[in-house]
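Enquirer: How does the following fold in three dimensions:
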Amino acid sequence: MRAGVSELNFVLFCSDMSGMNTGVFTSFCLSFCLIYMGIYAEMREHFNKEDYHRYKMEQAQYERDQTQFALESSLAQLFEMRQEVAALVPELNVKRRRGAEGYPLRRLASVSSGQEMGSLANLLGGQHFQRSKKLFRQGNYRSAIPSFKQFISDFPYSVHMVEAHYLLSESYFQDGQLGRFVSQVEEMIRQFPEDEVTGFAMIRLGQVFETQDRFQEAVGLYKTVLQSFQQPEVGKRAREALASVRL
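Expert: Residues are numbered from 1 along each chain as shown. Model prediction:
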């Protein structure tokens, strides 16, 4: 009888030990899984960050390539126009006036005095132009750009038209939108080939060439300005720019 009790106690003891070992093993497995999941989460986050940064770098490179392509395309068209400008300017004889701030004021050559807008429209146009100009002076080029574009669209006969085109080109330049800057200079050459601000814009374009180590093209552009524009200040700046180029 005593032997039977002893055997029963031994069996119960072994069962308790087995249950305890199972609990320890289960706890160990759970702990291991938690540690593994934590390491996996950290590794996944690390590689996700790398993928994100790689994506942003590739996107930035794509945008730079697109800007460069637009710039190259616009420059090719611009150089085709250079000889046309040199031939066209001496034939033009458009009367010039100057405003209080020294910018040339010019009506479009194809617009007669009878087509000038009414006094109210001129007043509104002047107010719009001054708002755009204020944004430019504040260095808020992102806001100045659409403001100048709207002014040019809404008040095409304004005496501020040339200055608006020039400040729009400068806004593009200052904002780093070089492709659009070049296109705007082209537009000025087409519409206002005899105005000195067009000469200033072309000099600015030459400076862009210099930053890209395109010194020969910059020299050619400065020489075109000297040949095409007779205004003393334009000639002075073009000569200074030409003298500063080191080939």
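Enquirer: Would you mind naming the helix or strand containing Thr198?
Expert: Assigned by DSSP states H and E, Thr198 belongs to helix 196-211.
Enquirer: on contacts alone, who are the packing partners of that helix?
Expert: If you count contacts as 3 or more Cβ pairs under 8 Å, 6 or more residues apart in numbering; DSSP states H and E, helix 196-211 packs onto helix 161-174, helix 178-191, helix 215-228, helix 232-244. For the C-beta atoms, the positions are set from N, CA and C on the backbone; glycine is no exception.
Enquirer: switch to 10 Å and redo it
Expert: Applying 3 or more Cβ pairs under 10 Å, 6 or more residues apart in numbering; DSSP states H and E, we find helix 196-211 packed against helix 2-88, strand 104-105, helix 161-174, helix 178-191, helix 215-228, helix 232-244.
Enquirer: And the last one, what's buried?
Expert: Yep, that's helix 232-244 we're talking about. 234-235, 237-238, 241-242 (16 or more other Cβ atoms under 10 Å).
Enquirer: Likewise for the third one?
Expert: Neighbour-count burial for helix 161-174, counted by 16+ other Cβ under 10 Å, picks out 161-173.
Enquirer: Any chance of those residues in CSV with distance to Gln207 and pLDDT as columns?
Expert: Compiled in CSV, those are given as follows (distance: Cβ to Cβ, whole Å; pLDDT from 0 to 100):
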residue, distance to Gln207, pLDDT
Met161, 24, 93
Val162, 20, 94
Glu163, 20, 94
Ala164, 22, 95
His165, 18, 96
Tyr166, 15, 96
Leu167, 17, 96
Leu168, 17, 97
Ser169, 13, 96
Glu170, 12, 96
Ser171, 16, 96
Tyr172, 14, 97
Phe173, 9, 95
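Enquirer: Thank you, goodbye.
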